[in-house]
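Student: When you get a sec, could you give me coordinates for this:
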Amino acid sequence: MALHTDLVELRQDRPSSFSVVERDPVDRNPAAGTAADLGLTYAVCPASRTRVRLTGYPDYLECPDCGYRGFVDWDHPC
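Tutor: Residues are numbered from 1 along each chain as shown. Below is the predicted model of the structure:
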């Protein structure tokens, strides 16, 4: 799948906050109906890139894999 260059941001460093990913409801979800299903909105750890389930709208999260604690960037969802 090709992306328009306006949709891509190249950075020299990793973000310091958890990124919020909002999936389109019509996108195929191979994890649907399993424990791995994170729903339509989930966060991604900036340190380990682990996908983290969101419950409500937390300001901060802790990564279950690496223990990184940080701000959740609700202002710039992907």
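Student: What sits closest to residue 66 if chain neighbours are left out?
Tutor: The spatially closest residue to residue 66, leaving aside those adjacent along the chain, is residue 48, at 4.1 Å (C-beta to C-beta, 6 or more residues apart in numbering). No exception for glycine: its C-beta is placed from N, CA and C like everyone else's.
Student: To which secondary structure element is that neighbour assigned?
Tutor: Taking DSSP states H and E as the definition, one finds residue 48 inside no helix or strand.
Student: what are the phi and psi values for it?
Tutor: Backbone torsions of residue 48, given as degrees, to the nearest 10, read phi -110, psi -10.
Student: At which residues are the strands of the protein located?
Tutor: With strands called from DSSP state E, the chain shows them at 18-22, 41-44, 51-53, 60-62, 69-73.
Student: Low-confidence regions, the protein specifically.
Tutor: 1 (pLDDT under 70).
Student: how many other residues sit next to the residue lying closest to residue 70 once chain neighbours are set aside?
Tutor: Spatially, and ignoring its direct neighbours in sequence, residue 70 is nearest to residue 17 (5.3 Å; C-beta to C-beta, 6+ apart). When counting by other C-beta atoms under 10 Å, one arrives at 17 neighbours for residue 17.
Student: One more: residue 43?
Tutor: 24.
Student: check contacts around it.
Tutor: Contact analysis of residue 43 by C-beta atoms under 8 Å, 6 or more residues apart in numbering lists 18-21, 51-52, 54, 61, 72.
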